[in-house]
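Student: I would like to see how this sequence folds:
(one chain, ligands or ions: 1)
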Amino acid sequence: MTGRTTRSAAIAVAFGLAVVTAYTQTRPGAEAKPLPGTPLRELAQAEGRRVGTAVQARALERDRAYGQLVAGQFSSVTPENEMKWDVVAPEQGTFEFGPADEIVGRAHDAGQVVRGHTLVWHSQTPGWLGPLDAEELRAAMLEHIARVAGHFRGRVATWDVVNEAITDRGRLRRSVFLQRLGPGYVAQAFRAAREADPDAKLFINDFGIEGINPKSDRLYALVRELKAQGAPVDGVGFQMHVNLKGVPADFAANLRRFVALGVEVAVTEADVALRQPASEGDLAAQARVFTDALRGCLEVAKCRSFTFWGFTDSRSWIPENQPGFGRATLLDSRLRPKPAYEAVQRALGP
Ligand code: G3I
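Tutor: Predicted coordinates:
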């Protein structure tokens, strides 16, 4: 094709995609169409559990249907990005809590608890951390934890204090914190969080640890060490970012071995990524995977919280971060229930 024809074709495709995207997302002011059956939060409450979702402040403000479904379906929310270091402290010494406060305020109005996410993580750290030497970084980490956990004291029920500290091969991740502060940074972060908020439950959170494997073995050893040192670790978060390979058969047994260390466990970021375009069979298989994950948690008394990492395909992190994959959540991009939603209702139901 000639250059002009190619450009026109590209513009036409882009326009078409824009129209499809706009149509597939809900109109901002539209009311949410009620989902069939009993809301997930009511079913979970009957099981003595909380069911949650990651949420986005901008979507809560701008998309009425999104906000109604968050309040109606979930009893716990996790700010997807609004409490991360690069968002709350983009410049050293300044703290911006507006979007996170918006989420927390709405959660309390809806009778929900808030999972704070996350205080110390190797990703989404602000650029100003880079040049700090060891003592400056230690001071910055302790100040960050004190200011952020202190700001939300009494309003956040659980903190992911340290996120993704272990590599897939079962070693401590060589983050800037490990490299400059040594392995003691983990216990120090937990002690600082406890001092900032004596009542919040303090979790360590990771992905790829759902089964018994080198990564979960290393985390198990770390949690055992932390407990032996008297570090205030209350729980372990299992993110559950999976696909149609499914949930490891030893998931519940793995949860139980962590509980035996004297901690709670929780599923903190569940989604099931599908290779696109997904078939009806893929959607049915996805429903089975979500069911297996939820049943694994429900089998363990100390697994009291199950959080989805977003609940509508239109606002999932997957398409941007895992090219060729998507449709990873319970509702489609027009907030209509997928087989996974009804499967989760059945798994939670009496
Ligand atoms: O807010 C900026 C915006 O101002 C800018 O215009 C835009 C353009 O790049 O970027 C926006 O920030 C993005 C942010 O999400 C908010 O949308 C970041 O680029 C993007 O990297 C960030 O992605 C988040 C990702 O963590 C970062 O690693 C995803 O939304 C979030 O779902 C994902 O969540 C993580 C958990 O925190 C930890 N466990 C794994 C999980 C998936 O990676």
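Student: For the closest residue to the ligand within the stretch 251-350 of the chain, report the pLDDT, please.
Tutor: At 3.3 Å from the ligand, residue 317 is the closest residue in the stretch 251-350 of the chain, using CB to the nearest ligand atom. Backbone N, C-alpha and C define where each C-beta goes, glycine included. At residue 317, the model reports a pLDDT of 98.
Student: Next up, the contacts around it.
Tutor: Counting by CB atoms under 8 Å, 6 or more residues apart in numbering, residue 317 makes contact with 80, 309-310.
Student: SS state for residue 266?
Tutor: strand (DSSP: H, G, I helix; E, B strand; the rest coil).
Student: That one and residue 203 touch, don't they?
Tutor: Yes: judged on CB atoms under 8 Å, residue 266 makes contact with residue 203 at a distance of 6.9 Å.
Student: tell me the pLDDT at the residue nearest to the spatial centre of the chain?
Tutor: Nearest residue to the geometric centre of the chain (CA atoms, centre = their mean): residue 269, 3.6 Å. pLDDT for residue 269: 99.
Student: Quick one: residues contacting it.
Tutor: 54, 78, 205, 207, 237, 239-241, 307-309.
Student: Okay, it and residue 196: tell me how far apart.
Tutor: 23 Å (CB to CB, to the nearest Å).
Student: Repeat that for residue 41.
Tutor: Note on residue 41: its distance to residue 196, by CB to CB, is 29 Å.
Student: And residue 31, by the same measure?
Tutor: Residue 31 sits at a distance of 40 Å from residue 196 (criterion: CB to CB).
Student: for the ligand, what are the nearby residues on the chain?
Tutor: 80-81, 123-124, 163, 207, 239, 269, 317, 321 (CB under 6 Å from any ligand atom).
Student: So what sits opposite residue 163 in the bridge?
Tutor: residue 121, residue 205 (DSSP bridges).
Student: right, and it touches residue 116 too?
Tutor: No: the criterion here is CB under 8 Å, and residue 163 misses it with residue 116 at 10.9 Å.
Student: more crowded one of these two?
Tutor: residue 116 (26 against 23; other CB atoms under 10 Å).
Student: Okay, and the beta partners of that one?
Tutor: Beta-bridge partners, per DSSP bridges, of residue 116: residue 159.
Student: which stretches of this protein form strands?
Tutor: Under the criterion DSSP state E, the chain contains strands at 50-55, 76-79, 113-121, 158-163, 201-206, 235-238, 241-243, 264-275, 303-308, 325-326.
Student: need those strands in a markdown table with distance to residue 68, can you?
Tutor: Putting the strands of the chain into a markdown table (distance: least, CB to CB, whole Å) gives the following:
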| stretch | distance to residue 68 |
| --- | --- |
| strand 50-55 | 12 |
| strand 76-79 | 14 |
| strand 113-121 | 18 |
| strand 158-163 | 24 |
| strand 201-206 | 28 |
| strand 235-238 | 27 |
| strand 241-243 | 26 |
| strand 264-275 | 21 |
| strand 303-308 | 17 |
| strand 325-326 | 24 |
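Student: Of all those, which one comes closest to residue 99?
Tutor: Residue 99 lies closest to strand 76-79 among the strands of the chain, at 7.6 Å (CB to CB).
Student: Please name the strands paired to that closest one in the sheet, noting orientation.
Tutor: Strand 76-79 has the following strand partners under DSSP bridges: strand 50-55 (parallel), strand 113-121 (parallel).
Student: which non-adjacent residue is nearest residue 249?
Tutor: residue 211 (7.6 Å; CB to CB, 6 or more residues apart in numbering).
Student: what do you get for residue 288?
Tutor: Going by CB to CB, 6+ apart, residue 288 has residue 343 as its nearest residue, at 7.1 Å.
Student: Okay, the one you found and residue 249: tell me how far apart.
Tutor: 19 Å.
Student: Looking at these two, which one has more neighbours?
Tutor: Just comparing residue 343 and residue 249: by other CB under 10 Å the higher neighbour count belongs to residue 343, 22 against 11.
Student: Okay, buried residues for stretch 108-115 please.
Tutor: Across stretch 108-115, burial judged by 16 or more other CB atoms under 10 Å covers 110, 112-115.
Student: hey, where'd the helices end up in the stretch 101-250 of the chain?
Tutor: Taking DSSP state H, counting those that start in this stretch as the test, the helices found in the stretch 101-250 of the chain are 134-151, 176-181, 185-196, 214-229.
Student: most packed of those?
Tutor: The highest mean neighbour count among the helices of the stretch 101-250 of the chain, using mean count of other CB atoms under 10 Å, belongs to helix 185-196: a mean of 21.
Student: and the angle from that helix to helix 134-151?
Tutor: 40 degrees (axes from the mean of the first three to the mean of the last three CA atoms, to 10 degrees).
Student: quick one: contacts of helix 185-196?
Tutor: By CB under 8 Å, 6+ apart, the residues outside helix 185-196 that reach it are 119-120, 138, 141-142, 145-146, 148-150, 153, 159, 161-162, 165, 177-178, 181, 200, 202, 204, 222, 226, 229, 231-233.
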